[in-house]
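> Return atomic coordinates for the entry below.
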Amino acid sequence: MRRVAIVATAAGLFTLGGGYLALGAAGQEEPAVRTAAPVTSPMVAVATPTATVSLPPLPESRAKTVAPVAGAPSSTAEPAPDAGLTGTTSDAKPTIEASSAARSAKPAAAGGGRSAVDKAVAIGGGVALPPLEAPEAVKKMIEAGNGIARTPYKWGGGHGKWQDTGYDCSGSVSFVLAAAGLLSGPLASGPLMSWGEPGKGKWVTIWTNQGHVFLEVAGIRFDTSAQRVTGSRWINEMRSTDGFVARHPAGL
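Numbering: from 1, shown residues only. Here you go, the predicted model:
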């Protein structure tokens, strides 16, 4: 019995030693690296990287600051004294030239065709364009009219001095005639009824009576009453001439 026990004990120790050897050998192996399986469950949102967008550079601004004419701030300086406040007619005769708009505009673009050659045209803004074939005196009259076309109506204006802050009907007509060298001093509408030559002229006609006077210059009208319609004394449409006397400068 004692021998059997010893044999059994030896067998157990051998088995136990083999287990230790097996355990030691297993401990020397490198652990397997496991990668987590991707989440494929429809209940879990998968984050996607945001694409990088490359925008072109902003263009350089070329805007220019322009002060509008009507809204430009007025100067706070004291206005210069009026050179003609003496109320005399000794100041120089009108020599006002046409505005820059009239000089840069093309008559053909405004009227076109034959009318630009022998008929003036009012293009707005107080500017009229003379016809290409007009005499120099007619061109000077239109230039002078452009200079005062938008000045306000002022009773007696243009009679005390040529350069005035406003003009009445005969004052503005006298101003235009004087600019062409046709008058040496302003005349009222009554005296203009016997001035110059009777009847209509080829280029210029003075329509006058005791109460009002206006001009027809190269087919357009220069009239203080036109300001109610256009804001300018120039207007392309004529008006009734009933009750008016027609006079014209000699040769025009």
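
> mind showing which ranges of the stretch 1-150 of the chain have poor pLDDT?
Along the stretch 1-150 of the chain, the parts satisfying pLDDT under 70 run over 1-93, 95-116.

> mind running it again at 80?
Within the stretch 1-150 of the chain, the stretches with pLDDT under 80 are 1-116.

> Please name the strands paired to the helix or strand harbouring Ala122 in the sheet, noting orientation.
Ala122 is part of strand 121-124, with elements assigned from DSSP states H and E. Next to strand 121-124 in the sheet, as set by DSSP bridges, lie strand 127-129 (antiparallel).

> Starting from the partner strand, tell me the next helix or strand along the chain.
Beyond strand 127-129 toward the C-terminal end (DSSP H and E), the next one is helix 136-148.

> Report all helices and strands that the helix or strand following that next one contacts.
Following helix 136-148 in sequence order, the next helix or strand is helix 169-179 (DSSP H and E). Here helix 169-179 touches helix 136-148, helix 189-192, strand 213-217, strand 220-222, going by 3 or more C-beta pairs under 8 Å, 6 or more residues apart in numbering; DSSP states H and E. (C-beta placed from N, C-alpha, C; glycine too.)

> Doesn't Ser225 belong to a strand?
No. Assessed with DSSP: H, G, I helix; E, B strand; the rest coil, Ser225 is helix; it does not lie in a strand.

> thinking again about what came up before, who wins for proximity to Ala128 among the helices and strands packed on helix 169-179?
Nearest of the helices and strands packed on helix 169-179 to Ala128, taken as C-beta to C-beta: helix 136-148 at 5.2 Å.

> Just the buried residues of that closest one, please?
By neighbour count, with 16 or more other C-beta atoms under 10 Å as the criterion, the buried positions of helix 136-148 are Ala137, Val138, Lys139, Lys140, Met141, Ile142, Glu143, Ala144, Gly145, Asn146, Gly147, Ile148.

> pLDDT score for the residue lying closest to Gly158 once chain neighbours are set aside?
Excluding the flanking residues, the one nearest Gly158 by C-beta to C-beta, 6 or more residues apart in numbering is Gly171, at 2.4 Å. pLDDT recorded at Gly171 is 97.
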